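1. Pasting the sequence and the predicted coordinates here, then a few questions.
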Amino acid sequence: ALEAKQTVGLVENLSAREASDQMAAQTYGMTHKKAQTFTGQLKGLEAALEKQRQKKRAESAEILDALAKQRTDEATAEAERKKAEMERIVAERIAEESRI
């Protein structure tokens, strides 16, 4: 009877341990799946952020290109104004000298 009681106790102990192990495995599985889901979401967010950064860099490059073109155009226009002013001065001097 004592042996039967000990055997029943061992079986109950093993059953409880097995149930505990199964519960731990299920918990680990759910936690692992949640971690994988979170990791996937994080990678997706990182990819979206990098795409947004690249878009901002492209926009910044376009703005810088536009500013550089504007400066070049302004410098060209200024050079043309100076050239026209010099031609006007030369024409006035020629007109003055022809009067004399």
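-> Arrived safely, thanks for sending.
2. ok, Val11 to His32 distance?
-> Counting by C-beta to C-beta, to the nearest Å, the gap from Val11 to His32 is 31 Å. Every residue, glycine included, has its C-beta placed from N, CA and C.
3. What ranges does this structure have for its helices?
-> 2-99 (DSSP state H).
4. could you measure Thr31 against Ser15, distance?
-> For Thr31 relative to Ser15 (C-beta to C-beta), the value is 24 Å.
5. Please apply the same query to Met23.
-> Distance from Met23 to Ser15, by C-beta to C-beta: 13 Å.
6. before we move on, what about Leu49?
-> 50 Å.
7. Gly40 now?
-> With C-beta to C-beta as the criterion, Gly40 and Ser15 are 37 Å apart.
8. what's the pLDDT at Ser60?
-> Listed pLDDT for Ser60 reads 96.
9. middle-most residue in the protein, spatially?
-> The centroid of the chain falls nearest to Glu50 when counting by C-alpha atoms, centre = their mean (2.2 Å).
10. tell me the contacts of it?
-> Not one residue lies near Glu50 by C-beta atoms under 8 Å, 6 or more residues apart in numbering.
11. now it: how far from Ile63?
-> For Glu50 relative to Ile63 (C-beta to C-beta), the value is 20 Å.
12. Check Leu45 too.
-> 27 Å.
13. cool, and Arg88?
-> Taking C-beta to C-beta, one finds Arg88 at 37 Å from Ile63.
14. Give me the neighbour count for Ala79.
-> Neighbour count of Ala79, defined by other C-beta atoms under 10 Å: 10.
15. Then the one 4 residues further on?
-> Residue crowding around Lys83 was assessed by other C-beta under 10 Å; the count is 10.
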